[in-house]
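J.: Sharing a model that was predicted from the sequence below.
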Amino acid sequence: MSDLHDITTVDQIRAIVGESNPATQMKVGDALDEAGCAFIARSPFLMLATADADGRTDVSPKGDHAGFVAVEDSRTLLIPDRSGNRLIFGLQNILANPSISVLFMVPGTGETLRVNGRAALTKDPAILQRLVSRGKPALLAIRLSIEECFFHCAKAFLRSELWKPETWPSDVKISFGKIMATKMGSGDDVAQAIDAMIEENYRTGL
C-alpha cells in the first residue's frame, strides 16, 4: 500500500540527502589499486551479497585467516567456499544471477572495501589448493570479476562504536538446539543434544 510519505524517485532522495561531492566520485574505480590489494590481504572477514533470478537477496558472512581471499589480478578475486550449513543459498543465486557484491572488513579499521562485479563458480583443483586453509583446500571457489570497487568511509563504525569493546553488550548465546527442538515439538534434552553436536562441529569442523 502506497503511503503519502513514501519515497519513489531519485529526485526525492537527492532533495533529502543532497548531491554527492565530485571528489567522492573519484574514489570509485573498476580495478583494485595497491591500497585495495593490501586491505584484502589484511581482511579476515567479508559479507557476500547475492540475489536470485527474481531479485530475492541473501547476505552471507565468510571468514578465515587474514588474506583468505586471493587477488588473482587487479580485476579478479578468488573467494573460497568452505564447510558450512550446506544451505547454498548464495551459491545457487550466483548460478541464477552472477551479479554480486562483497564488503571486506579489517578488525579495528573503520573503513571498509566494497567490491561489485560478476561471479562464476569453479572447482579447478589448482585454485582450490591455492586457497588451502588448516590443511584443507577450498570445497569450491567464487571467481569475482570486478566491475566496481571503492573504500567506504568509517562513519557507520564510528556511530555504532563496533570496534570499541567497552561499548559491547554481554555475549548472546544462540541456541540452535532450542530453535530446532521447538520446531520439532521436542524438549530440552533434544535441544541440549543438538547444541552439543554444534559445539563439537565448531571445534573440529572448521
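T.: Cool, got the structure.
J.: can you give me the strands in this protein?
T.: With strands called from DSSP state E, the chain shows them at 45-51, 57-63, 70-73, 76-81, 99-105, 112-122, 140-152.
J.: And these: which comes nearest Ala181?
T.: With Cβ to Cβ as the criterion, Ala181 lies closest to strand 57-63 of the strands of the chain, at 24.8 Å. The C-beta positions use only the backbone N, C-alpha and C, and glycine is treated the same way.
J.: Strand partners (parallel or antiparallel) of that closest one?
T.: Here strand 57-63 has these sheet partners by DSSP bridges: strand 45-51 (antiparallel).
J.: circling back: which stretch among the strands of the chain approaches Thr167 most closely?
T.: strand 99-105 (17.4 Å).
J.: CA atoms only for the one helix or strand in the chain whose mean pLDDT sits lowest, dumped as CSV, please.
T.: Using mean pLDDT, DSSP states H and E, helix 22-25 stands out as the lowest-scoring helix or strand of the chain, at a mean of 84. Backbone C-alpha positions of helix 22-25 (Å, rounded to 0.1, in the frame of the first residue of the first chain) are rendered in CSV as follows:
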residue,chain,number,x,y,z
PRO,A,22,32.6,15.3,-7.1
ALA,A,23,35.7,14.4,-5.2
THR,A,24,33.9,11.4,-3.6
GLN,A,25,33.1,10.1,-7.1
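J.: buried set for it?
T.: In terms of neighbour count (16 or more other Cβ atoms under 10 Å), helix 22-25 has no buried residues at all.
J.: middle-most residue in this structure, spatially?
T.: Met47 (1.0 Å; Cα atoms, centre = their mean).
J.: in the sheet, who's paired with it?
T.: With DSSP bridges as the rule, Met47 is bridged to Pro61, Leu103.
J.: separation between it and Lys136?
T.: 23 Å (Cβ to Cβ, to the nearest Å).
J.: and what of Ile16?
T.: For Ile16 relative to Lys136 (Cβ to Cβ), the value is 49 Å.
J.: Specify which residue of those two has the higher count of neighbours.
T.: Lys136 (13 against 7; other Cβ atoms under 10 Å).
J.: now Thr122: how far from Ser74?
T.: Distance from Thr122 to Ser74, by Cβ to Cβ: 19 Å.
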